Each structure stands twice: as C-alpha cells, then as structure tokens.
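Undergrad: Let's see this in three dimensions:
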Amino acid sequence: MDPSQAGALAFYILSALFFNSFVIIFVVTVLLAALDFWVVKNVSGRILVGLRWWNEINDLGESVWKFESLDQESLARMNKKDSWLFWWTLYITAVAWIVLGIFSLIRFQADYCLIVGVCLTLSIANIVGFTKCRKDAKKQFQQFASQTIASRVSSTIQSAFSVV
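TA: Residues are numbered from 1 along each chain as shown. I've put the predicted structure just below:
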C-alpha cells in the first residue's frame, strides 16, 4: 500500500487513542487523504502503470476528461507486479474506507462518516480516473494498430499495382 494511503488510514484508525478533538482528526486525515490523492494521480500512476489523468472545464462549462499514457512499447516493459500492486491498492483503499464508514454508522458517529465520505470520494475519483485512462489508452492503441495495418495494406496494394 502506498505510504500516503497507509498514513491516512492509520491516522484515522489510531487517532482515537491520541486525540479527543474531532477537528484535528478531520483536518489531518483529510490532508493525508488529499496528499494521497495527488501522489497517486500524478506520481504513482505515472511510474507504476504509465497513466495520468485530469479533468478540465472547457469554455462551454462542460467537464472534459484528459488522459496521458505511455506508448504501448513502454507500457509493455512496465513491471506487471507493480501494475498489479497499483490497481489492487486503489481498490483495497476504497474498501477499507467503506468498512470504516460502516463502523462509524454502527457506532452512531455521523461526524466521522463525514471524514470517511471525503476520503472515500477521493479514492473513488482515482479509481474512476485511472479506469477511464486505461480504457482510453487501450482504445488509442487499437486505433493506432488498425491505422498501421490499413496503411501497410494500402501501400502493399499500391506497390502491387504500380509494378503492373
């Protein structure tokens, strides 16, 4: 698990032992979760799976997803274990926040559900962003492959008719 992810989860879980202030627990946990969000989105995703995503608002006020990925050759050279670890960590972190949210509900601690909600939202945003980015990378590869095949076939046909 990414250290920043472990940091937010560990602080949230252990904070009850050291602090009585909800405000301190909220601020520190959300800051750690925001740090995790940024690190995963901009550093870990790029290094471990060769993907990066962001969302922009265009001039019409519409939300536009933007994706970056390494070329297929570079992606093929990436360590499969790192990729596996990255994807599982994304999902396990979200599941951990869901479990902590259920515990907060069972203990009737609605204020702690707010912390969990913020952290879960950040985790899910990374899951959605990287999933869309991975699908976009696959689509771009398929388009590139079909264009390459089509141009090879076209050049082969042209050369065959130019000989005649």
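Undergrad: Provide the backbone phi and psi angles at residue 67.
TA: Reported as degrees, to the nearest 10, the phi and psi values for residue 67 are phi -130, psi 140.
Undergrad: where are the low-confidence patches of the chain?
TA: Within the chain, the segments meeting pLDDT under 70 span 1-5, 72, 75, 137-164.
Undergrad: And the helices in it, which stretches?
TA: Secondary structure of the chain, counting by DSSP state H: helices at 3-18, 22-39, 72-77, 80-106, 110-163.
Undergrad: and those as JSON lines, adding mean neighbour count?
TA: (Each C-beta comes from the backbone N, C-alpha and C, glycine too.) Shown next, in JSON lines, are these (neighbours: other C-beta atoms under 10 Å):
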{"stretch": "helix 3-18", "mean neighbour count": "16"}
{"stretch": "helix 22-39", "mean neighbour count": "17"}
{"stretch": "helix 72-77", "mean neighbour count": "11"}
{"stretch": "helix 80-106", "mean neighbour count": "15"}
{"stretch": "helix 110-163", "mean neighbour count": "14"}
